[in-house]
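> after the sequence you'll find the predicted model.
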Amino acid sequence: MVTIGEQYLRSSHAAKPRTLLDVFGSVVERHPDAACLDDGTRVLTYAEVWRQIQVSAAWMQDQGVGAGDRVGIHMPSGSAELYLAILSTLAAGAAYVPVDVDDPAERAELVFGQARVAAVYTAHGMRVTDPGRADDPARHRRPTVDDDCWIIFTSGTTGLPKGVAVTHRSAAAFVDAESRVFLRDSPLGPGDRVLAGLSVAFDASCEEMWLAWAHGACLVPAPRSIVKSGLDLGPWLRERRITVISTVPTLASMWTDSMLTDVRLVILGGEACPPELAARLAADGREVWNTYGPTEATVVACAAPLTGAGEVSIGLPLDGWDLAVVDSAGQPVGYGESGELVIGGVGLARYLDP
């Protein structure tokens, strides 16, 4: 009988339970004057963002939107307002449900209907669609580790989109686990600037946000039009002094080496990474990682460093996650044999539809 090596079973190594609001609040205490958001029109510090989202959260609760609710996010990319809406939703105790503003209106209608959102944030502000009891004190509270923080719908390529609900416990465990993996010799901090270039309806956007917000770094939103254009992004990255990028290989393959001069961390995921891309991106002074994880396992379940040599691997599980490759009978296969990847641990989410 094949046994699973300890390096693949890391669920017992999960970080201490906490919420995303705990993660953000702890950074506010340590780095209140560090830049938190810079969208090119204004720079907000962690202390300023914290004050704004507390005011917004109180207003949301006064409108009847609070703990246990779901709030749709349907806003243009590239602005601080988008990320303030997400943080305000979390501060109110609700979960955010993002839909890409460029998607057809039918997608938003389907997603928000299935999620039964109580309100929707648009470019014009928040619109309440299903107010609860504003005078209910149970709704005026911070989120707990068991509350949902986001609900992201899959693309629907195999049928109808499926809503995946992730709790604060799972999300914070993911944030804390990644903190133990990347840039261990020179940790992320207030001097770093993290590109926010992915759609917030794609779960990898959560990695972008919390790579910044867990360490006191600055999140720098980019309009999607610039990100998608490929070569136009180069001057923007240099002008905005970006040092950290989380992206998909398709986008990274369009970037020239000169575009990444200041970048010291590149995280790839969402697609298979070609070996030639890994070899080109790997450079002295820059860490490059390949990551893998379905939406149902909270963004990323495993990661591998890319040096430019050898095969591209999806690596080992993050602290808090378990991995096993099993045969058709559900039994672990031997090293080098093929099977189905099974993921367990603290990152497991749930479908809205049981």
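Nice, thanks for sending it over. Numbers count the residues shown, from 1 in each chain.
> so what's the residue positioned nearest the centre of the chain closest to, chain neighbours aside?
Centroid-nearest residue in the chain, with C-alpha atoms, centre = their mean: residue 206, separated by 1.2 Å. Among residues not flanking residue 206 along the chain, residue 299 sits closest, at 5.4 Å (C-beta to C-beta, 6 or more residues apart in numbering). In short, each C-beta sits where N, CA and C put it, glycine included.
> in this structure, what helix or strand scores lowest on average pLDDT?
helix 224-229 (a mean of 82; mean pLDDT, DSSP states H and E).
> and it, which residues are buried?
224, 226-227 (16 or more other C-beta atoms under 10 Å).
> and stretch 93-109, by the same measure?
In stretch 93-109, counting by 16+ other C-beta under 10 Å, buried: 93-101, 107-108.
> spatially nearest residue to residue 117 (excluding sequence neighbours)?
residue 72 (4.3 Å).
> give me the neighbour count for the one you found.
As a burial measure, residue 72 scores 26 neighbours (other C-beta atoms under 10 Å).
> rewinding a little: before we move on, which element is the residue nearest to residue 206 in?
For residue 299, there is no enclosing helix or strand under DSSP states H and E.
> thinking again about what came up before, want to throw the buried residues of helix 224-229 into TSV with distance to residue 257?
Listed next are the buried residues of helix 224-229 as TSV, based on distance: C-beta to C-beta, whole Å:
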residue	distance to residue 257
224	24
226	19
227	18
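> so which of these would you say is closest to residue 273?
Nearest to residue 273 among these is residue 227, at 18.2 Å by C-beta to C-beta.
> residue contacts, the closest one?
197-198, 233, 251 (C-beta atoms under 8 Å, 6 or more residues apart in numbering).
> what sits against residue 75?
81-82, 85, 101, 121-123.
> what does the pLDDT read for it?
Predicted confidence (pLDDT) for residue 75: 96.
> now the nearest residue to it once chain neighbours are set aside: which helix or strand?
Closest residue to residue 75 apart from its sequence neighbours, by C-beta to C-beta, 6+ apart: residue 82 at 4.6 Å. Assessed by DSSP H and E, residue 82 sits inside helix 80-91.
> contact partners of the helix or strand that that helix is followed by?
Following helix 80-91 in sequence order, the next helix or strand is strand 95-98 (DSSP H and E). With contact meaning C-beta under 8 Å, 6+ apart, strand 95-98 is reached by 69-74, 85-86, 89-90, 111-112, 115, 117, 147-153, 163, 165, 199-201, 205.
> what sits against residue 188?
Residue 188 neighbours (C-beta under 8 Å, 6+ apart): 179, 182, 211-212, 214-215, 217, 244, 265.
> and it, how far is that from residue 175?
Residue 188 sits 11 Å away from residue 175, going by C-beta to C-beta, to the nearest Å.
> which neighbours do the two have in common?
residue 214.
> helix, strand, or coil at residue 71?
strand (DSSP: H, G, I helix; E, B strand; the rest coil).
> pretty sure it sits against residue 122.
No: Residue 71 lies out of contact with residue 122 (C-beta atoms under 8 Å); the separation is 11.3 Å.
> these two: who's more crowded?
Neighbour totals were compared for residue 71 and residue 122, and residue 71 leads with 28 against 15 (other C-beta under 10 Å).
> residue 299 versus the more buried one, what's the distance?
From residue 71 over to residue 299 (counting by C-beta to C-beta), the distance is 20 Å.
> surely the residue nearest to the centre of the chain touches residue 171?
Yes: proximity of residue 206 to residue 171 meets the contact threshold set by C-beta under 8 Å, at 7.0 Å.
> shared neighbours of those two, anything?
Shared contacts of residue 206 and residue 171, defined by C-beta under 8 Å, 6+ apart, are found at residue 150.
> mind listing the strands for the stretch 51-200 of the chain?
With DSSP state E, counting those that start in this stretch as the criterion, the stretch 51-200 of the chain has strands at 70-73, 95-98, 119-122, 125-128, 148-153, 163-167, 193-196.
> among the ones you listed, which comes closest to residue 289?
Nearest of those (C-beta to C-beta): strand 193-196, 14.3 Å.
> after the closest one comes which helix or strand?
helix 204-213.
> can you list the helices and strands that the helix or strand just after that next one packs against?
For helix 204-213, the following helix or strand on the C-terminal side (DSSP H and E) is strand 218-221. Contacts defined by 3 or more C-beta pairs under 8 Å, 6 or more residues apart in numbering; DSSP states H and E place strand 218-221 against strand 35-38, helix 80-91, strand 193-196, helix 204-213.
> now mean pLDDT too, for the ones you listed, in a markdown table please.
Compiled in a markdown table, the helices and strands packed on strand 218-221 are given as follows (pLDDT from 0 to 100):
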| stretch | mean pLDDT |
| --- | --- |
| strand 35-38 | 98 |
| helix 80-91 | 98 |
| strand 193-196 | 98 |
| helix 204-213 | 97 |
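> between those, which gets nearest to residue 24?
Closest among these, using C-beta to C-beta: helix 204-213, at 5.5 Å.
> how far does the closest one sit from its chain's centre?
5 Å (C-alpha atoms, centre = their mean, to the nearest Å).
> residues in contact with it?
20, 23-24, 27, 36, 83, 86, 98, 150, 171, 174-175, 178, 182, 188, 192, 194-199, 217-219, 244, 246-248, 267, 269-270, 299-300.
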